[in-house]
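**Student:** Okay, predicted coordinates and the sequence, questions at the end:
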Amino acid sequence: MSIENKKYGKFSYDNFARSCDDNDLIRQTMRTINGVPVSNEQINMIKNTLLQYLGLHHDDILLELACGNGLISDGLFNACKEYVGVDISEYLIYIAKKNFENKPRITFYEDDITRFIKADKDFGKYTKVLCYAGIQYLSDIEVIQLLESLSITYKNVEIIVIGNIPDRNLANKFYVDKLKTADELNDICTAIGKWRAHDEFIKLVDESVWDIEIHRMPDSFYASHYRYDIVLKRKIRVIS
């Protein structure tokens with residue numbers, strides 16, 4: 001794998017985003033149907049749903065992993081005390097900074113999310129974590145390591161929302177003409193990334209630490225027929 005592919009994947013979201021107009025935030029993150037950007041109503045549906053999942057309060061500090069250009073994040077800023085967004089794409093972070101950054105309350109970093117989690121010195125301040133449409137570009141080992149860090153090191157994190165996961169059992173709803181091979185569905189370096197069924201994803205989660213909720217967006221959501229969301233809530237430990 002080349003250096004660029006190692007950083008951005010076989011399909012380079014960074015290169016694709018650079019091919020779009022600077023102001024076309026929806027197209028930059030490939031939230032499209034047959035190449036046409038989805039409506040603002042669809043974007044607002046995502047924002048409102050994430051607000052419900054996260055249950056943000058004004059004293060929460062939110063960490064978003066794979067934040068993209070900040071378009072979805074924009075619906076969360078006013079609901080929390082502080083926001084930190086991380087994405088590997090240099091261009092998308094440039095767009096996020098230009099349009100949304102407002103230090104010290106709203107900050108964006110260009111970094112690999114697994115590297116950021118390992119190096120971050122402010123791990124104790126975060127109360128909630130979001131990763132929307134990004135987990136499918138991590139291998140199973142990377143997902144396990146990420147969740148372990150959030151479980152053990154990020155002890156004040158109460159809720160993790162992992163959204164827009166492509167469902168392996170519903171791949172035929174997306175690839176209606178020709179179903180992809182098992183290798184293709186497992187490939188984290190494609191435009192969609194790795195497809196995982198509910199039970200596959202649950203196996204990656206430490207159920208002794210997290211209660212697991214599986215959700216699907218309303219039928220009116222453009223990708224509800226093949227994607228799902230997971231909400232992890234830290235279990236309350238009773239000390240006798």
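**Tutor:** Yep, that arrived.

**Student:** so how many other residues sit close to the nearest residue to residue 192 once chain neighbours are set aside?
**Tutor:** Computed as CB to CB, 6 or more residues apart in numbering, the closest residue to residue 192 that is not its neighbour in sequence is residue 166, at 5.5 Å. All C-beta spots, glycine's among them, are computed from the backbone N, C-alpha and C. Using other CB atoms under 10 Å, the number of residues around residue 166 comes to 21.

**Student:** Let's see stretch 82-95 as CSV, backbone CA atoms only.
**Tutor:** Output in CSV follows, covering the C-alpha atoms of stretch 82-95 (Å, rounded to 0.1, in the frame of the first residue of the first chain):
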residue,chain,number,x,y,z
GLU,A,82,-16.5,22.1,24.4
TYR,A,83,-16.0,20.2,21.2
VAL,A,84,-12.8,18.6,19.7
GLY,A,85,-12.9,17.1,16.2
VAL,A,86,-10.2,14.9,14.6
ASP,A,87,-9.9,13.7,11.0
ILE,A,88,-7.1,12.3,8.9
SER,A,89,-7.9,14.4,5.9
GLU,A,90,-5.8,17.5,5.7
TYR,A,91,-8.3,19.2,3.3
LEU,A,92,-11.4,18.4,5.3
ILE,A,93,-9.8,19.7,8.4
TYR,A,94,-8.9,22.9,6.5
ILE,A,95,-12.5,23.3,5.6
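
**Student:** just for the chain, where's the confidence low?
**Tutor:** Across the chain, the ranges flagged by pLDDT under 70 are 1-11, 238-240.
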